[in-house]
Structure formats: structure tokens, C-alpha cells
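Undergrad: model this:
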Amino acid sequence: MESLAFHPSDEWFVMAGRLEAGNWNVGAFGREDGKLRFSLNTSCRLTRVLFSEDGRTLFLAGGVSQDAPDGEGKFRPYGRIGRWRLENS
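TA: As a prediction, the model looks like this:
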């Protein structure tokens, strides 16, 4: 995992990173019990995770494989930003 963010309620947190093995690369855990609350597989390497001030939106930033430049020396777009609306957060 490469990024960690606590929900504004301070009751749970999210860890995110690159999927090496398993089924998800974003996991939310209870602060007190450490139990998995939810997980996501975004199919990209995540380097930053943060919550909106009100805690109702989770933002995930990262990228997919950059590959080699094309014949003109340009790389294809590889950055990603995801926005997840949270219910009952």
C-alpha cells in the first residue's frame, strides 16, 4: 500500500496502492477493530487517497502503465483520478 487517509469522522481509514496479488487495491478498515469495511479493485496503481472535507467523497489518484513513447516521442495519457461517492459514511 502506498497511501493512507483517515475519514474525517476518525472512525475508519483507507489504504490504497498497487495490486500485487489478491482481489483489491483499495481497502477501508475500522480504526478500532481493523475489520475490512469495503474494498475496490481500480485496475491501476494508486499513489494518493484523500477524502472531501465532509467525508462523503473519496478521491483516488494514480496511473496505469505508461508504455513506450510513440513514433513522435509522445506518451499516451496514463494518469487517473477516481471519485467515489460514499453512502452512510
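Undergrad: Run a quick neighbour tally on Gly63.
TA: Using other Cβ atoms under 10 Å, Gly63 is surrounded by 14 other residues. For every residue, glycine as well, the C-beta is placed using N, CA and C.
Undergrad: low-confidence ranges in this protein?
TA: 89 (pLDDT under 70).
Undergrad: Recalculate using a threshold of 80.
TA: Residue ranges of the chain with pLDDT under 80: 19-22, 65-67, 76-77, 88-89.
Undergrad: Geometric centre of it: which residue is closest?
TA: With distances taken as Cα atoms, centre = their mean, Leu60 lies nearest the centre of the chain, 4.0 Å away.
Undergrad: would you put the C-alpha positions of stretch 39-57 in CSV?
TA: Output of stretch 39-57 as CSV, limited to C-alpha atoms (Å, rounded to 0.1, in the frame of the first residue of the first chain):
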residue,chain,number,x,y,z
SER,A,39,-12.7,-2.8,-0.9
LEU,A,40,-12.2,-1.8,-4.5
ASN,A,41,-10.2,-3.0,-7.4
THR,A,42,-9.4,0.0,-9.6
SER,A,43,-7.1,-1.8,-12.0
CYS,A,44,-4.5,1.0,-11.7
ARG,A,45,-1.6,1.8,-9.3
LEU,A,46,-2.8,4.3,-6.7
THR,A,47,-0.4,6.8,-5.2
ARG,A,48,-2.7,9.2,-3.3
VAL,A,49,-6.0,8.8,-1.5
LEU,A,50,-8.0,11.6,0.3
PHE,A,51,-11.4,12.5,1.5
SER,A,52,-13.5,15.6,0.9
GLU,A,53,-14.0,17.8,4.0
ASP,A,54,-17.5,16.4,4.6
GLY,A,55,-16.2,12.8,4.2
ARG,A,56,-18.8,11.9,1.6
THR,A,57,-16.4,11.6,-1.4
